[in-house]
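# Fold the following, please.
(chains A and B)
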2 protein chains.
Amino acid sequence: MKRLHVVYILIVAIFLVYAIFMYYEGASSEIRVQEGLSGEIDETYVMVTFQAGIEYWKSVLKGFEDAASKLNVSVEYRGSTQYDVQEQITVLEQVIAKKPAGIALTAIDPDALTPSINKAVDAGIPVVLFDSGASGSKAYSFLATDNYNAGVTAAHKMAELVNGRGKVGVVTLPNQLNHQQRTAGFKDTIAAHYPQMEVVAVRDGKGDQIVSREAALAIMREHPDVAGLFNTDAVGGVGVGEAVWLERKTGQVRVIGFDTDKGTLDMIKDGLISATLAQGTWNMGYWSLQFLFHLHHGIVSPAAGNRTGVSPLPVQVDTGVTVVTLENVDDYYAK
Amino acid sequence: MKRLHVVYILIVAIFLVYAIFMYYEGASSEIRVQEGLSGEIDETYVMVTFQAGIEYWKSVLKGFEDAASKLNVSVEYRGSTQYDVQEQITVLEQVIAKKPAGIALTAIDPDALTPSINKAVDAGIPVVLFDSGASGSKAYSFLATDNYNAGVTAAHKMAELVNGRGKVGVVTLPNQLNHQQRTAGFKDTIAAHYPQMEVVAVRDGKGDQIVSREAALAIMREHPDVAGLFNTDAVGGVGVGEAVWLERKTGQVRVIGFDTDKGTLDMIKDGLISATLAQGTWNMGYWSLQFLFHLHHGIVSPAAGNRTGVSPLPVQVDTGVTVVTLENVDDYYAK
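Okay, here's the model as predicted:
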């Protein structure tokens, strides 16, 4: 009987040691949880777009969601269904009313959206902008493609395609700032780095497939020896590819497009378009959420405090472009 | 005796339940650890500078360390002691040899450092650049002040100081790209936004206190009604402040400097300099470490994979500037 007592006491003692061990183990892993970057699941960050259904935003949202999953926070996606300023303002105002932990917004119209953006920031809701900015607003940061740099990338790729020599043309929207910047980056880079190349024509494609086709045909007729065409928008590239096919110059006139619409990708497969520039949409979403998380948790430059005019975060982020060619085109089809 | 047995069995049962509870509790907190952003303490990221002892890097290092502490990883700080290209290359090569988890580098000379940067990237060590870049290298990102935007900020502040009217001058280093960009941002903004202001002179201060003083004196003598002077570098601002004092024009000619050297801050206290631009150094360090952590852990754009030419991360980050005036100057003295 005594022996049995000893066994019982031993068992109890072992459990006691185990319990103490688990207690400290638990406490120490609890500390590790607090040290890592992690939020609360009821912390909701909202991404707001316009034309909410279009393909282009999907990868932004994927980045936004991926960051939320890493940081253990929640996300919502809202947006106007149409390309409609008033509708986007209404959606944004509804989002603000729910006092989310942060808002990532792409602004359909910078001036029209600025009062609502400022209202959110004044109410203590962090706002960052992606893709389309509103430079006069109180938003903390702007994450987007630097369009001038995108033009620089296009120029280097074009030089590679035409072996650094020959005439090239541009089909663009000459009245829109982002397209002016893409064209300027392209022209400046050709002028500075490729003495045997020349930009002989810049024509208006109006962001329209048929107008862009006609613009490309006009360039090829004026300059029968043109070696390459850069189309700066998402829609016109297919028109430029058609023009090259109509002129029976496939592979002879090299085309660079913009964005990764299905028509453009299909033409890369067919060899009518040699390359297109994919924007860093996943990065826009991922780092927008990271920035909002850091603002919400006050993990920002200690110099910032609560003062105005101070940058708690990087103010502008160039999310970069990727050159898509036959080699990697399959990765860019919607899955 | 039977009763005692029951008590023992009860105690054992309670411990068993407790042990099972702790096991699942422990397991679930372990999962939370893995979900948040957190690395390993033996994961070492290295920040490499030149002139390692200067004040300017301290805040970058603070940001680098703050991010490491949030992410539970380790950091080291290395740098050449002198302003010496060969010494920095040697330091960088020593760092590469230790195969750290990532390297944040400010390049004293882009061309000279590029082979070592590329060697690191080719060996699978993530590299990002801060403050001074190397645009031709394989580094994944560049985090720094956008100098054109800094000039824009200076112009708006100058307009505020002179009430939007009058002649202004610039003292700069006309042969250095970053200073050309600061001057261009300043001039373009005055021209575009302030019709009653005019940039009447741009003079070379050679980044030297005495030369900058003489340049400022020359501007004030040529244009006795000049209302403001913008000095684009860290050292010359004090010279410009001295020139204003020598001409007995304190408070009459408003001076904007650059960076937060002690001499500049002292002159803000004395009213000889009205404002200076503090660079987002903490943000350079903080987000450099974040980017390296994301590269090391492969948390990057899914489109990136292992292909070349793809941007796994934002390629360029403008860390912004903060306007420092009498109101917030105390926050900028070294602590």
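
# Residue A:136 - how many residues pack around it?
Using other CB atoms under 10 Å in any protein chain shown, residue A:136 has 11 neighbouring residues. Heads up, the C-betas are built off the backbone N, CA and C, glycines and all.

# err, residue A:149, not the other one
18.

# So for chain A, which residue is the most central one in space?
When chain A is reduced to its mean C-alpha position, the nearest residue by CA atoms, centre = their mean turns out to be residue A:281, at 2.5 Å.

# Let's see the pLDDT reported for that one.
On pLDDT, residue A:281 comes in at 93.

# So the residue lying closest to residue A:299 once chain neighbours are set aside: helix, strand or coil?
Nearest residue to residue A:299 in three dimensions, chain neighbours excluded: residue B:70, at 6.6 Å (CB to CB, 6 or more residues apart in numbering or on different chains). Of the three states, residue B:70 takes helix under DSSP: H, G, I helix; E, B strand; the rest coil.

# hang on, isn't residue B:70 packed against residue A:71?
No: if you go by CB atoms under 8 Å, residue B:70 and residue A:71 don't touch, sitting 11.2 Å apart.

# Mutual contacts of these two, please.
Common contact partners of residue B:70 and residue A:71 (CB atoms under 8 Å, 6 or more residues apart in numbering or on different chains): A:37, B:37.

# still on that earlier bit, now do the same contact list for the residue nearest to residue A:299.
Residue B:70 sits in contact with A:35, A:36, A:37, A:299, B:37, where contact means CB under 8 Å, 6+ apart.

# Which of those residues are buried? Put it as a ChimeraX command.
Buried members of these, defined by 16 or more other CB atoms under 10 Å in any protein chain shown, are picked up in ChimeraX with:
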select /A:36,37 /B:37
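
# so which of the contacts of residue B:70 comes closest to residue B:264?
Nearest to residue B:264, judged by CB to CB, of the contacts of residue B:70 is residue A:299 at 28.5 Å.

# Are we agreed that that closest one is in a helix?
No: judged by three-state DSSP, residue A:299 forms no part of a helix; its state is coil.

# Let me know the pLDDT of it.
Per-residue pLDDT puts residue A:299 at 93.

# ditto for residue A:177
84.

# And the one 4 residues further on, by the same measure?
The predicted local confidence for residue A:181 comes out at a pLDDT of 93.

# can you count the residues close to it?
Residue A:181 has 18 neighbours, counted by other CB under 10 Å.

# wait, it sits on residue A:145?
No: counting by CB under 8 Å, residue A:181 stays clear of residue A:145, with 9.6 Å between them.

# before we move on, the earlier item: just the element for the closest residue in space to the residue nearest to the centre of chain A that isn't next to it in sequence, please.
Distance criterion CB to CB, 6+ apart; nearest residue to residue A:281, sequence neighbours excluded, is residue A:59 at 3.9 Å. Using DSSP states H and E, residue A:59 falls within helix A:56-71.

# now that helix: how far from the chain's centre is it?
10 Å (CA atoms, centre = their mean, to the nearest Å).

# cool, stretch A:283-290 as well?
How far stretch A:283-290 lies from its chain's middle: 8 Å, per CA atoms, centre = their mean.

# Could you do stretch A:4-11 as well?
How far stretch A:4-11 lies from its chain's middle: 66 Å, per CA atoms, centre = their mean.

# rewinding a little: got a pLDDT number for the residue nearest to residue A:281?
Note for residue A:59: predicted pLDDT of 90.

# wait, the residue nearest to the centre of chain A sits on residue A:60?
Yes: using CB under 8 Å, residue A:281 makes contact with residue A:60 at a distance of 4.6 Å.

# joint contacts of those two?
Here residue A:281 and residue A:60 have residue A:131 as joint contacts, going by CB under 8 Å, 6+ apart.

# all strands for the stretch 1-150 of chain A, in order.
According to DSSP state E, counting those that start in this stretch, the stretch 1-150 of chain A carries its strands in the segments A:44-49, A:74-79, A:102-105, A:127-130, A:142-144.

# One more: the stretch 151-300 of chain A?
Along the stretch 151-300 of chain A, the stretches classed as strands by DSSP E, counting those that start in this stretch are A:166-172, A:197-204, A:226-231, A:254-258, A:275-279.

# now the third one against strand A:197-204, angle please.
It refers to strand A:226-231. 50 degrees (axes from the mean of the first three to the mean of the last three CA atoms, to 10 degrees).

# the inter-axis angle of strand A:226-231 versus strand A:275-279?
Angle between the axes of strand A:226-231 and strand A:275-279 is 20 degrees (criterion: the same axes, to 10 degrees).

# same question, the second one
Note on geometry: by the same axes, to 10 degrees, strand A:197-204 and strand A:275-279 are set 70 degrees apart in direction.

# From the contact counts, what lies against strand A:197-204?
Counting contacts by 3 or more CB pairs under 8 Å, 6 or more residues apart in numbering or on different chains; DSSP states H and E, strand A:197-204 is packed against strand A:166-172, helix A:177-193, helix A:209-222.

# returning to that earlier point: show me what counts as buried in the helix holding residue A:59.
Neighbour-count burial for helix A:56-71, counted by 16+ other CB under 10 Å, picks out A:56-57, A:59-68, A:70-71.
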